[in-house]
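1. Below are the sequence and a predicted model for it; my questions follow.
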Amino acid sequence: MSQTRPLENMALSFSVLLEYLHQCIGQLPDPRKASNATRYSLKDMVLGAFSLFFMQSESFLEYQRQLHSRCGQDNAQTLFGLEKVPTVPQIRNVLDGVDATHLWSIFVWCYQALEQRKYLKRFERLGKNLLIALDGIQYFNSEKIDCNCCSTQTHPCGKVTYSHKAIFPVIVAPKQEQVISLPPEFITPQDGHHKQDCEQNAAKRWIETYGGLFKDRDITLLGDDLFSHQPICELSLTHQFNFLFVCLPQSHNTLYEWTLF
């Protein structure tokens, strides 16, 4: 695919999204040392991982290899642009060394493209506000496998578990079945910090990093009681965000909603 074709004024489609993904992949640093024995390109590794999630099938790539062996071509080539189909372990071994944040610009581009084409009007609520839900998700947990990016939890019995978590902000609206994903923020140990990272700190980093993306937009942040703290509220106001955070005081069972506009 072309690496220079302008995308800003093109109609939104899967092929356009895929073309932008190809452009981003072309800028990724390859964590492997240069070698004549390298069989699969970094592009094939990233596209292979993308195809697994897109097709929601862990066996998709294996089926594509069998299909190519029988027919000389496969859907991984025609749909996603893979030249050679790697295995899942090969993908994992290589992509574990790639910083995923290099692909975050795809989320930004999708938001900007939807905004430019007025698709986000259907998500407007509370006047012309876009509602952005902040929520933390744990997507890995183990008692045996850990890395430098893991969060740790020591249980009362002495057992230690290791996990990966992130904040996944999404644009939501009542009566809208779809959500619009925005760049995530990993919950991971931070350089120079002795305390473990947490959802509150990740949310503050996200607001600082992407606040400028919404400078021409009315935004209301949504969150549970983990975010109903003064530092996050003050930071939200600094970036001219409204917020609606649920507050659950431990002293009684009454639920409060703190809304500030």
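-> Thanks, I have the structure now.

2. Show me which positions of the longest helix anywhere in the chain end up buried.
-> In the chain, with assignment by DSSP state H, the single longest helix is helix 42-55. Buried residues in helix 42-55, counting neighbours by 16 or more other C-beta atoms under 10 Å, are found at 42-52, 55. Just so you know, the C-beta spots here come from the backbone N, C-alpha and C atoms, and that holds for glycine as well.

3. other SSEs contacting it?
-> Counting by 3 or more C-beta pairs under 8 Å, 6 or more residues apart in numbering; DSSP states H and E, the packing neighbours recorded for helix 42-55 are helix 14-25, helix 60-71, helix 88-95.

4. could you dump the buried residues of helix 42-55 to CSV with pLDDT and distance to Gln27?
-> Output for the buried residues of helix 42-55, formatted as CSV (pLDDT from 0 to 100; distance: C-beta to C-beta, whole Å):
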residue, pLDDT, distance to Gln27
Leu42, 95, 11
Lys43, 95, 11
Asp44, 95, 16
Met45, 95, 15
Val46, 96, 11
Leu47, 95, 15
Gly48, 92, 18
Ala49, 92, 17
Phe50, 93, 16
Ser51, 91, 20
Leu52, 88, 22
Met55, 88, 25
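
5. and which of the residues you listed is nearest Gln196?
-> Nearest to Gln196 among the buried residues of helix 42-55 is Ala49, at 28.2 Å by C-beta to C-beta.

6. Just to check, Phe245 is in contact with Ser236?
-> No: the pair Phe245 and Ser236 does not pass the contact test of C-beta atoms under 8 Å, sitting 9.1 Å apart.

7. Now list whatever residues contact both of these two.
-> Listed contacts common to Phe245 and Ser236 are Leu221; contacts here mean C-beta atoms under 8 Å, 6 or more residues apart in numbering.
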